[in-house]
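K.L.:
After the sequence you'll find the predicted model.
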Amino acid sequence: MLVLLCLGLLCGIAVLGINSYVKKSAADQIITPEKAVELADVDCILVLGCYVYDSGRPSDMLADRLRRGIELYQAGAAPKLLMSGDHGQKDYNEVKAMKLKAMEAGIPSEDVFMDHAGFSTYESIYRARDVFAADKIIIVTQEYHLYRALYIANALGVEAYGVAADYHTYVGQANREVREILARNKDFATSILKPNPTYLGEVIPVSGDGNLTNDEDMEVAVSAPEPDLAPEDGVQEKQPEPAVSPEDTSTESGHDDPVDPPAPEPEKETFVQVESWLPDVRTELRYATENNFTGQIIYTFDDAWLRYGTVQKLVKVQELLAEQGYSLLIWDAFRPTVAQWTLWEVFPDPVYVANPEKGYSSHSRGNTVDVTLVTSDGELVEMPTEFDDFSSLADRDYSDVPEEAAQNALLLESVMTDCGFKPYSGEWWHFSDTDTYPVEELFIPD
């Protein structure tokens with residue numbers, strides 16, 4: 001028994017030691033987006049894939065990776081994007097969802113490459129080097145994953161830098177961090193053995209045309225180049241890449257991140273973090289600060305939460321506003337019942353605050369938002385009043401406010417109404433989903 005305990009202790013020390021070594025080896029290569037833009041001669045930005053829902057919507061973690069990768073491209077950090085993920089089965093395609101998001105952001109299709117066989121972090125980097133001929137890359141993923149990715153790149157002789165994509169706190173991250181320790185140990189060994197990836201294939205330099213990697217059903221279609229008649233001397237001939245990987249290929253995240261597959265898309269009544277589904281929305285929750293009419297903090301969380309059904313309507317709002325160069329800024333969303341009691345205690349005036357003894361605010365149903373408009377650069381536009389102005393200027397009779405403010409308020413009202421929201425007559429910023437939900441008395445955001 002003592003021998004077993006000693007062996008277990010030694011194994012534990014070894015595992016933790018390797019984990020520490022991997023992190024320390026790569027730590028200096030994790031840089032800020034600003035530093036990434038200053039790098040010279042970067043071949044591409046490698047965005048590592050993650051889970052995609054059946055609907056084609058990227059999971060929260062993948063959405064954040066795409067956001068960071070797109071921002072880096074738009075800032076000029078590299079001329080190309082390489083989307084690497086799992087397309088191991090015909091009905092599961094991470095990289096198509098990734099490329100479509102980049103194209104929706106205005107990035108030319110030819111600048112976005114798809115690596116359909118990035119079944120693991122190791123394989124993604126190996127293939128970036130050997131299939132896409134990338135020698136200097138910027139890797140984008142969450143910080144906890146970057147250490148391992150950069151360590152692998154170093155072992156494979158790829159000059160790599162990492163930029164983290166941690167825009168949010170992710171559910172289950174504590175467990176993910178623990179399992180990442182084991183993943184670092186596994187790839188420590190893999191980096192020594194250097195096995196070939198599941199698939200190689202003909203070289204498609206990332207300096208060329210990303211359309212060569214498109215799926216057949218994508219709108220931009222191109223013909224594949226004629227293969228060389230024979231490989232050059234000393235160069236390993238690579239087999240063509242199959243469209244589908246072996247049957248036992250996992251449909252989970254193609255990057256062996258220790259990530260449990262996300263649950264199916266939430267039900268309409270489920271509370272979700274708004275920013276996770278609307279990464280471009282801006283939030284400034286006034287009641288989480290002293291910057292509100294009470295001068296006191298009413299609740300302590302600073303992320304906006306709403307019912308999933310309501311958030312889906314806001315997605316449409318954002319799309320319509322973006323076409324006109326605007327975005328939403330959220331001042332208040334779900335307000336727990338305990339916060340409503342606090343608000344009443346601070347300001348017990350039923351004209352302005354719902355008396356919880358007689359009924360809660362619609363904010364406690366999770367289907368109501370207080371919003372305004374900002375430009376695409378985040379600048380506030382002129383509106384009739386400030387938030388929580390209790391004068392008559394705040395109502396929806398815009399005849400007593402400047403014309404520009406009236407037009408902006410009417411634009412917001414029109415878009416919100418078209419997408420299924422009902423405006424409150426006394427406050428230009430206040431909108432409730434026409435789909436009603438019960439008051440939520442148990443849920444309190446972290």
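P.N.:
Yep, that arrived.

K.L.:
Can you name the next helix or strand after the longest helix seen in the chain?
P.N.:
For the chain, the longest helix by residue count, based on DSSP state H, is helix 2-26. Remark: after helix 2-26, the chain's next helix or strand is helix 33-38, criterion DSSP states H and E.

K.L.:
and the following helix or strand past that following helix, which residues are buried?
P.N.:
For helix 33-38, the following helix or strand on the C-terminal side (DSSP H and E) is strand 44-48. If you call a residue buried by 16 or more other Cβ atoms under 10 Å, then strand 44-48 has these buried ones: 44, 45, 46, 47, 48. Where you see a C-beta, it was placed from the backbone N, CA and C, and this is true even at glycine.

K.L.:
rewinding a little: pull out the buried positions in the longest helix of the chain.
P.N.:
Under 16+ other Cβ under 10 Å, the buried positions of helix 2-26 are 18, 19, 22, 23, 26.

K.L.:
And for stretch 53-72?
P.N.:
58-72.

K.L.:
for the buried residues of strand 44-48, which one is nearest residue 388?
P.N.:
Lowest distance from residue 388 to the buried residues of strand 44-48 (Cβ to Cβ) belongs to residue 47, with 40.8 Å.

K.L.:
now the residue lying closest to the closest one once chain neighbours are set aside: how far from residue 94?
P.N.:
Nearest residue to residue 47, sequence neighbours excluded (Cβ to Cβ, 6 or more residues apart in numbering): residue 69, at 4.0 Å. Distance of residue 69 to residue 94, given as Cβ to Cβ, to the nearest Å: 13 Å.

K.L.:
Same check on residue 193?
P.N.:
For residue 193 relative to residue 94 (Cβ to Cβ), the value is 26 Å.

K.L.:
And these two? Which one has more around it.
P.N.:
residue 94 (30 against 6; other Cβ atoms under 10 Å).

K.L.:
Excluding residues flanking it in the chain, which one is nearest residue 26?
P.N.:
In space, residue 26 is closest to residue 150, 3.6 Å off (Cβ to Cβ, 6+ apart).

K.L.:
Go ahead and confirm that neighbour touches residue 164.
P.N.:
No. When contacts are counted by Cβ atoms under 8 Å, residue 150 is not listed as touching residue 164 (11.2 Å).

K.L.:
ok, the two, which is more surrounded?
P.N.:
Using other Cβ under 10 Å, the more surrounded residue of residue 150 and residue 164 is residue 150, with 25 against 20.

K.L.:
What pLDDT is listed against residue 241?
P.N.:
Reported pLDDT at residue 241 in the predicted model: 40.

K.L.:
One more: the one 4 residues further on?
P.N.:
At residue 245, the model reports a pLDDT of 37.

K.L.:
Could you do the one 4 residues further on as well?
P.N.:
pLDDT, residue 249: 33.

K.L.:
One more: the one 10 residues further on?
P.N.:
Listed pLDDT for residue 259 reads 50.

K.L.:
likewise residue 172?
P.N.:
With respect to pLDDT, residue 172 has a value of 69.

K.L.:
Please apply the same query to residue 41.
P.N.:
96.

K.L.:
where do the helices sit along the chain?
P.N.:
Going by DSSP H, the chain shows helices at 2-26, 33-38, 60-74, 94-104, 121-130, 143-155, 173-193, 274-277, 308-322, 337-346, 403-418.

K.L.:
For residue 331, see how far away residue 375 is.
P.N.:
Taking Cβ to Cβ, one finds residue 375 at 17 Å from residue 331.

K.L.:
quick one on the thing from earlier: quick one: which two of the buried residues of stretch 53-72 are the most distant?
P.N.:
59 and 72 (20.1 Å).

K.L.:
Thank you, goodbye.
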